[in-house]
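K.L.:
sequence first, then the predicted structure:
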Amino acid sequence: MNEFNKYLKNISGWNSHLPLLFNSLELTKTEDVVELGCGEGSTLFLHEYCLKNNRQLYSLDSNEDWVKKFKHLESPMHIIQHVPDWDKFDFARLKIAVALVDHAPGERRIIDIERLANLAKILVLHDTEPVGAGDYKFQKIWHLFKYRKDDSMFLAWTTAVSNFIEL
C-alpha cells in the first residue's frame, strides 16, 4: 500500500472514491478493472495500481476530451476508449472484478449500474449522497445488490455494492 499513499493521503470530494476503490481492488486481486468516466481522481491511480498488479484496465468515457487527456497511458494492459453510446457498449465481453462508476451524464449512472449488477464482482459508485449536487437517484438501484458499504466521510459520498463479495 505504501506506493499508493500518494493517492490516498490527499482525499477530497473529487477523489473521495479512492479508499473504497482501493479496498475493492485488494478484495478481488484478479480479473479486469473498468473505469466508467476518466478523471484526475481515478485514471492515474488505476493505471499505476493495475500495472503493478498485472490487471487489465479499461478506461471508458463518452467525452472525447477526457479520452485524449489520458490516451498517452494506453498500453496492451490499459485500454482507453471513447464510448459515444453507452447502450451499445458490451460489458458482458469483459471479466469484470471492479467497476468504478463515475461517468457523465450522472443520470446515466443508474442505467449502467443495473447493466453491471450481475457482471462486476464489485461496483464502486461515486457521488451517492442522497441529496446535493448530484442526486442521481441511486435509491432506485440499491435493491439490486446483496451487499453495500457506504463511505460518507466527504461531501461526495461513495458506495461499494456487490452481489458476489461481502463488503
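P.N.:
Looks like it arrived, so ask away.
K.L.:
centre-most residue in the chain?
P.N.:
Nearest to the geometric centre of the chain sits L100, at 0.8 Å (Cα atoms, centre = their mean).
K.L.:
does it count as helix, strand or coil?
P.N.:
Here L100 is strand, with the state taken from DSSP: H, G, I helix; E, B strand; the rest coil.
K.L.:
what pLDDT is listed against the closest residue to P84 other than its chain neighbours?
P.N.:
Computed as Cβ to Cβ, 6 or more residues apart in numbering, the closest residue to P84 that is not its neighbour in sequence is S62, at 6.4 Å. C-beta here means a position set from N, CA and C on the backbone, and glycine is covered the same way. At S62 the predicted local confidence, pLDDT, stands at 98.
K.L.:
hang on, V98 packs against F22?
P.N.:
No - between V98 and F22 there is no contact under Cβ atoms under 8 Å: 10.0 Å.
K.L.:
between those two, point out the one with more neighbours.
P.N.:
V98 (29 against 18; other Cβ atoms under 10 Å).
K.L.:
wait, what's in contact with the more buried one?
P.N.:
By Cβ atoms under 8 Å, 6 or more residues apart in numbering, the contact set of V98 is 21, 24-25, 28, 33-34, 120-124.
K.L.:
from S59, how far out is the residue nearest to the centre of the chain?
P.N.:
Distance of L100 to S59, given as Cβ to Cβ, to the nearest Å: 9 Å.
K.L.:
do the same with W14
P.N.:
17 Å.
K.L.:
what's the helix or strand for the residue nearest to G106 when sequence neighbours are not counted?
P.N.:
In space, and not counting its chain neighbours, G106 is closest to Y136: 4.6 Å by Cβ to Cβ, 6+ apart. Counting by DSSP states H and E, no helix or strand carries Y136.
K.L.:
isn't the residue nearest to P84 right up against R109?
P.N.:
No - judged on Cβ under 8 Å, S62 makes no contact with R109 at a distance of 11.9 Å.
K.L.:
contact partners for the closest residue to L36 other than its chain neighbours?
P.N.:
Once flanking residues are discounted, L36 sits nearest to H103: 4.1 Å by Cβ to Cβ, 6+ apart. Counting by Cβ under 8 Å, 6+ apart, H103 makes contact with 36-37, 60-62, 86, 109, 112.
K.L.:
top of those residues by neighbour count?
P.N.:
Counting by other Cβ under 10 Å, top hit in the contacts of H103: L36 with 28 neighbours.
K.L.:
bridging residues for that residue?
P.N.:
Beta-bridge partners for L36, by DSSP bridges, are L60, V101.
K.L.:
residues contacting it?
P.N.:
60-61, 99-103, 109, 112.
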